[in-house]
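Visitor: A structural model of the following input is requested.
(chains A and B)
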Amino acid sequence: MILTTAAAAFLLTGCKNDDEAPVLPETGTDSVAYENGIIVVNEGGFMNGNASVSFISDDLNVVQNDIFSTANGVGAWGDTAQSMAFDGNIGYIIVSYSQKIEVVNRYTFKSITTIGGPGKSEFLNPRYMAIANGKGYVTNWGDPENPDDDFVAVVNLESNTVQTKIPVAEGPERVLVKDNIIYVALEGGYNFNTSVVLIDATSDTVIDVITVAEGPNSLELDDEGNLWVLSGGNPDYFEKGIETGGQLQKVDVTSNTVTDMFAFSATDDHPGFLSYVNGSLYYFLKGSVFKMDVSSTTLPEEASITGTDFYDMTVKDGKLYGADARDFASNGALEIYELSDNSLVTIKDVGINPGAIYFNGVAEK
Amino acid sequence: MKRAITAIAFLLSISGQVSAQEKPLWELDEVVVSDTRLKRYAEGHKLNRLTDSIIQRSGNFLTSLLAFNSNIYFKENGFGMVSSPAFRGTNASHTAVIWNGININSPLNGQIDFNTIDPFNYSSVDIRSGGGSVQFGTGAIGGSVHLNNELRFTDHFDNQVMMGYGSFDTKKVNYGQNFGNGKWSHSFGINYTESDNDYKYLETDNRNRNGEFQNVTLNFNAGYVLTDKNVLRLYHQSFVGDRNLSGNLVTQGRSRYEDDHYRTQLEWVSLGKKSTLKLKLAHLYEGFKYFENKDSDNFSEGNVTTLLARYSYDVELSDAFRLNSYLEYDHYRGDGSSFGNPQRNDFSLTALIKHKVSEDFVYNFGIRKDFSPDFSSPLVFSLDGKHQAGDHYGLQLSASRNFRMPTFNDLYWKPGGNLDLVPESSYQIDLGQRLEFGAASFNLNAYYIATDDMIRWLPNGSGIWSPSNVDEVRIYGLEGEFALTYPIQKKQNIGFKANYAYTVSEDKATDEQLLYVPFHRTNASLAYNLSHVSLFYQHLYNGPVSIIGGEIEGYQVGNAGITYSSQLKGKLQYSLGLTLNNLFNTYYENVALRPMPNRNIQTQLLLNF
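Guide: Purely as a prediction, here's the structure:
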């Protein structure tokens, strides 16, 4: 209902009354609304135009949905919000099917500008963004049906314009930065790919390619500077292919070679959502969360948490945060677990199709 | 009887004509009407027939015809884009579309896109409310929409040319021909429609972009009287459509959709003394190409071919009893990017019996069983009857079990297709009352539908979307209809018709109204003609609907038109029409974030000769 009212207001005013945005609610003693809390990006329904962002305070007492709409006094603003990236006080919301990035103040969610947009050519099905050397690196699938038009768009963060596009192979997805190098996992988009490409953030060129396993879906750095790549494997429906189990690989980033490899035993093991905290890796597989020490020589056999259904998952400060999209049509949930005893702390309702979880600290003054 | 036939044979030999005066009415129906089941075994059902003038003034698509003239609610992904019905609160695959007696719902998704059917070249469009799976097969749960072509064998040769032009550079050309010489009859229609469809989104600075469409429809129907007891009939329909798919308020459309439908049926009708035997063979093809990027050569595609053979035997057993039974075989063959090359052979057996208890009381009972190698279908039944109490009051009652079979997508989609599905099963009861006083009639229907095993796509344990028989829905509602035709003077006529529907369609698990089903919906039309001039106004109120995470406001839209008709010389008649759609320039969406057209003008010139 709120959405409709807001949508109606948007349609009636045509978005002209930015300066009449409602007064932001305050949390704590700070004057900024969305500090010290969890940010959940909700995709919304594909082609339903109901992407949203939710905020949950660290003390778990405040849950606010639709914070982008609230902060900017708009109704429907995007279709399929995929992920966010952050640079100082600035947040970048990658809105995949609206072909745009909404640039906001990450603590107020007030809009700063929009890069790209429907009918424009900056992006084509953008997915994730990493920031290095004053630039944003945005993975783009291009046409999902076309394996040859995928690219990484390089955004000049001063001018908020796309300054170049670096062609890559099929399906660039998650990105990670280390030492001025962007690691781009080629998960494969609608198809399946098997590598991680390295882009130099000075020359903006591809400098190396590391072959991993089918469908690399997450990247993490451990405290010793090793890159961990989790690949989901080929699912059973992959055309002409044979189903393969996932693999976890450890990559030495000085030589860009795989130094350790852990293969999942069953061909229908398709793990995802790798996280790293304090010497431990966490991943999600078949409704369960597994924990593995980086020094372990085998994959764990026992799950830490069972009976979950996550659409994204991450770990921070001894807690595990899992986004449950439920039926993918109504509001999803954020589930928080205490990792010391793997107990469920709380479940909070968020927006539709929650697919990315981030953390906001205190605003830089 | 024998003498009558001899007489017909005699008449045929001298005039070469099958004429209404000489043949018993039922025999003539069997020859002229493409699907007699609609009339003969449906007394307990509400049936609304839309014909010539209403069809001609109702835009380019079946959607607009039915939206303004029936209780069916439509969701359109923008004007001219994919359009799906909700008949009595049911979902898009619960309305069967019957083309000259054959169910043409897509085996791929169980639906018909009502914006791929141009009603212009049909003799009539019938709306049969309530379940009809026994007669019409899968999907006839909320009701069925029937596209009919009649074959007139009487001596005639009529031609019609229609040219239309209007806002958004919308062009439409139609040529129709109708011929009969006693032994042979045909009707032919070809239609081309195109539109830039770039209407302005009211209250914004945007336009409808990437909404261009064009399509060609061809209808050809023919009948040939082999002997006075044997008739061959052929029906053909082709539709070739090419559409860009428009975006919405927050996305830019960049895709394109081509779809082709070719439907052909050949039927042999053999008239016995008190019986009719029919053998029907049909070939249905539908294919699509979807271009995610309309400018690219990459596309996904799919097609499915259906071969149908139906043997039916209809016999008058006595003055009181009539029996119709048929045996149908369907072969489906698909080929697509997302579902491989599945093939399937299904059979069905149906029996219908009619009992005429008295002149005022008739009822029908039917059963049907479908056999398919990939799923087990329920035995379905129907019972419907009508009691006429005096001249002014009639009572209709029907109860039935109906089904919707899993579609190709449900069964064979890669990934996720589920071969463990069973058909959706639905029970319903419908009570109708009709009051009639001279030119005025009033109908009131109340119904209840309970559907189980409804197929829903959900992510399974491995995150892959897969269908399962999980949903249960309960629907109940009221429908009221008022119609009045009133000749004021010799050359003046006034006609009024109004429909109202109250629909509650709830998910049994949540007790909440389903998405995209309005509680209230009403439409009305008023037509007035004086000599050469006709005026009409039609109005639609569609109540608010819930959508994912919100609601779409209700809306009211009105269309008005004027037509001037006159005779030139000889047979040549012309008629000039002007229609203003969305007269009050209302902003409305019937699918979230997809504004519908603002006020627009369509003009039409019709020549009959």
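Visitor: OK, contacts around residue B:522?
Guide: Residues in contact with residue B:522 (Cβ atoms under 8 Å, 6 or more residues apart in numbering or on different chains) are B:498, B:499, B:500, B:501, B:540, B:541. Bear in mind the C-beta positions are built from the backbone N, C-alpha and C, glycine included.
Visitor: the helices in chain A, which residues?
Guide: A:2-13, A:67-72 (DSSP state H).
Visitor: helices or strands up against the shortest one?
Guide: The elements that helix A:67-72 packs onto, with contact taken as 3 or more Cβ pairs under 8 Å, 6 or more residues apart in numbering or on different chains; DSSP states H and E, are strand A:52-57, strand A:100-105, strand A:111-116.
Visitor: report the rounded mean pLDDT for the first one.
Guide: Spelled out, it's strand A:52-57. On average, the pLDDT along strand A:52-57 is 96.
Visitor: returning to that earlier point: narrow the contacts of residue B:522 to those in strands?
Guide: Using DSSP state E, the members of the contacts of residue B:522 that fall in strands are B:498, B:499, B:500, B:501, B:540, B:541.
Visitor: low-confidence ranges, the stretch 101-250 of chain A, go.
Guide: Under the criterion pLDDT under 70, the flagged ranges of the stretch 101-250 of chain A are A:237-241.
Visitor: how about the residues of it that lie near chain B?
Guide: A:117, A:118, A:119, A:143, A:144, A:145, A:146, A:235, A:236, A:237, A:239 (Cβ under 8 Å from any Cβ of the partner chain).
Visitor: who are the contact partners of the fourth one?
Guide: The neighbourhood of residue A:143, defined by Cβ under 8 Å, 6+ apart, consists of A:124, A:125, A:149, B:292, B:293, B:296, B:298.
Visitor: now swap in residue B:210 and tell me
Guide: Contacts of residue B:210 (Cβ under 8 Å, 6+ apart): B:244, B:245, B:246, B:247, B:252, B:253, B:254, B:255, B:294.
Visitor: which one's the longest strand in chain A?
Guide: Max-length strand for chain A by DSSP E is strand A:343-352.
Visitor: what residues are up against residue 280?
Guide: I'll assume chain A. If a contact means Cβ under 8 Å, 6+ apart, then residue A:280 has A:291, A:292, A:293, A:294 as its contacts.
Visitor: if you could check chain B rather than the one you did, that'd help
Guide: Residue B:280 neighbours (Cβ under 8 Å, 6+ apart): B:101, B:102, B:265, B:266, B:267, B:268, B:308, B:309, B:310, B:311, B:312.
Visitor: reformat these as a markdown table; add distance to chain A and pLDDT.
Guide: Shown next, in a markdown table, are these (distance: Cβ to the nearest Cβ, whole Å; pLDDT from 0 to 100):
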| residue | distance to chain A | pLDDT |
| --- | --- | --- |
| B:101 | 36 | 94 |
| B:102 | 33 | 95 |
| B:265 | 36 | 97 |
| B:266 | 39 | 97 |
| B:267 | 41 | 96 |
| B:268 | 44 | 95 |
| B:308 | 31 | 97 |
| B:309 | 34 | 97 |
| B:310 | 36 | 96 |
| B:311 | 40 | 96 |
| B:312 | 41 | 95 |
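Visitor: got phi/psi on residue B:134?
Guide: Here is the backbone geometry of residue B:134 (degrees, to the nearest 10): phi -60, psi -50.
Visitor: and what of residue B:597?
Guide: As for residue B:597, its main-chain torsions (degrees, to the nearest 10) stand at phi -60, psi 150.
Visitor: buried subset of the residues of the stretch 101-250 of chain A next to chain B?
Guide: A:117, A:118, A:143, A:144, A:145, A:146, A:235, A:236 (16 or more other Cβ atoms under 10 Å in any protein chain shown).
Visitor: give me the nearest residue to the second one, chain neighbours excluded.
Guide: Spatial nearest neighbour of residue A:118, excluding adjacent residues (Cβ to Cβ, 6 or more residues apart in numbering or on different chains): residue B:252 at 3.3 Å.
Visitor: just residue A:135 next, same as before
Guide: residue A:154 (5.4 Å).
Visitor: can you get me a residue count around the residue lying closest to residue A:79 once chain neighbours are set aside?
Guide: Once flanking residues are discounted, residue A:79 sits nearest to residue A:97: 4.0 Å by Cβ to Cβ, 6+ apart. When neighbours are counted by other Cβ atoms under 10 Å in any protein chain shown, residue A:97 registers 24.
Visitor: any idea how far residue B:524 lies from residue B:509?
Guide: Look at residue B:524 and residue B:509: by Cβ to Cβ, to the nearest Å, they are 36 Å apart.
Visitor: and the two? which has more neighbours close in?
Guide: Looking at residue B:524 and residue B:509 with other Cβ under 10 Å, you find the greater number of neighbours at residue B:524, namely 18 against 10.
Visitor: just checking, that one touches residue B:498?
Guide: Yes. Residue B:524 is within contact range of residue B:498, at 4.0 Å (criterion: Cβ atoms under 8 Å).
Visitor: outside of stretch B:539-547, which residues touch it?
Guide: A:48, B:67-68, B:73, B:512-525, B:551-559, B:588, B:590, B:592.
Visitor: do the same with stretch B:497-510
Guide: With contacts defined as Cβ under 8 Å, 6+ apart, stretch B:497-510 is touched by B:69-71, B:73, B:86, B:88-90, B:471-484, B:512-514, B:517-525.
Visitor: next: stretch B:163-172.
Guide: B:60, B:162, B:173-174, B:191-199, B:579, B:597, B:600-605.
Visitor: let me see the contact set for residue A:222.
Guide: Residue A:222 sits next to A:228, A:276, A:279, A:281, A:294 when contact means Cβ under 8 Å, 6+ apart.
Visitor: how about the fourth one, nearest residue that isn't a chain neighbour?
Guide: It stands for residue A:281. Per Cβ to Cβ, 6+ apart, closest to residue A:281 is residue A:292, 4.7 Å.
Visitor: list the contacts of the one you found.
Guide: A:248, A:280, A:281, A:282, A:283, A:299, A:300.
Visitor: hmm, 7 Å instead?
Guide: Applying Cβ atoms under 7 Å, 6 or more residues apart in numbering or on different chains, one finds that residue A:292 lies in contact with A:280, A:281, A:299, A:300.
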